[in-house]
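# can't give you the sequence, but here's the structure:
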């Protein structure tokens, strides 16, 4: 089996990532959910629940905006699996398979093209949150690091949705199963409330929830607090997602394209 040069492999992955970006350029309305969704979530949680949870909507805005930013990037990752499933059904991957491309290139391309959605979601939420009164308590470099960490975490988690998109034959099923995974992990974390008020058994789950470490890291980088340990835990989870789910996704892709 011949070895493909690294430059060729990178070129193929970038070319297939660009395919996803072109789809967004031709159909910009697909970004509506990542532009309007964060604004709706932020308004609802701050002005409906903020006073009851924290006693002050302004103070709760400072707490919950990094959490909703993380939640929106996680929700956006489901689009990778849905789009992949639709491409498999439409026969697009059969055409790609007929070309001299690496097996993993279409999967990496699907994830890479989703990075644009992640950037748009973050920019929209931070802009709207600033208009509502959110204020960063750190410097610009730390804020950029928080955004980069959220995108990197989402892209590594995307391998889970790639695997689901390859295993399931229906795009709606991928979306439904994805929501069943994301929402329990999100609400059983520190995205919306500090875990101190939760029962002991739930706090024990929150302590090992990878989203909790991501939230701690993002809050530390955006509004101040411990950074080093949460960032290291987050990076460790990212490695786990890629090491475990990327090979499984590649094996499922090989089976589905025989």
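Noted; the coordinates are in hand. The model shown is predicted, which means the values in this text are computed figures rather than measured ones.
# Burial check on residue 48, number of neighbours?
The local packing of residue 48 (other Cβ atoms under 10 Å) involves 11 other residues. Quick note: C-beta positions are derived from backbone N, CA and C, even for glycine.
# pLDDT on the helix or strand encompassing residue 10, on average?
Element membership for residue 10, per DSSP states H and E: helix 6-26. On average, the pLDDT along helix 6-26 is 65.
# which element follows that helix toward the C-terminus?
Next element after helix 6-26 (DSSP H and E): helix 32-44.
# chain center to that next one: distance?
Computed by Cα atoms, centre = their mean, to the nearest Å, the chain-centroid distance of helix 32-44 equals 15 Å.
# Would you indicate which residues of it are buried?
By neighbour count on 16 or more other Cβ atoms under 10 Å, the buried set for helix 32-44 is 33-35, 37-39, 41-42.
# which residues are contacting it?
61, 64-65, 68-69, 71-72, 75-76, 117-118, 120-121, 124-125, 128-129, 132 (Cβ atoms under 8 Å, 6 or more residues apart in numbering).
# Stretch 139-159 too?
Taking Cβ under 8 Å, 6+ apart as the rule, stretch 139-159 contacts 66, 69-70, 73-74, 76-77, 80-81, 110-112, 114-115, 118-119, 122, 126, 136, 214, 217-218, 221-222, 227, 231, 234, 237-239, 241-242, 245-246, 249.
# Could you give me the buried positions within it?
142-143, 145-147, 149-159.
# Out of these, which sit inside strands?
Using DSSP state E, no member of the buried residues of stretch 139-159 falls within strands.
# Tell me the spacing between residue 119 and residue 245.
According to Cβ to Cβ, to the nearest Å, residue 119 and residue 245 sit 23 Å apart.
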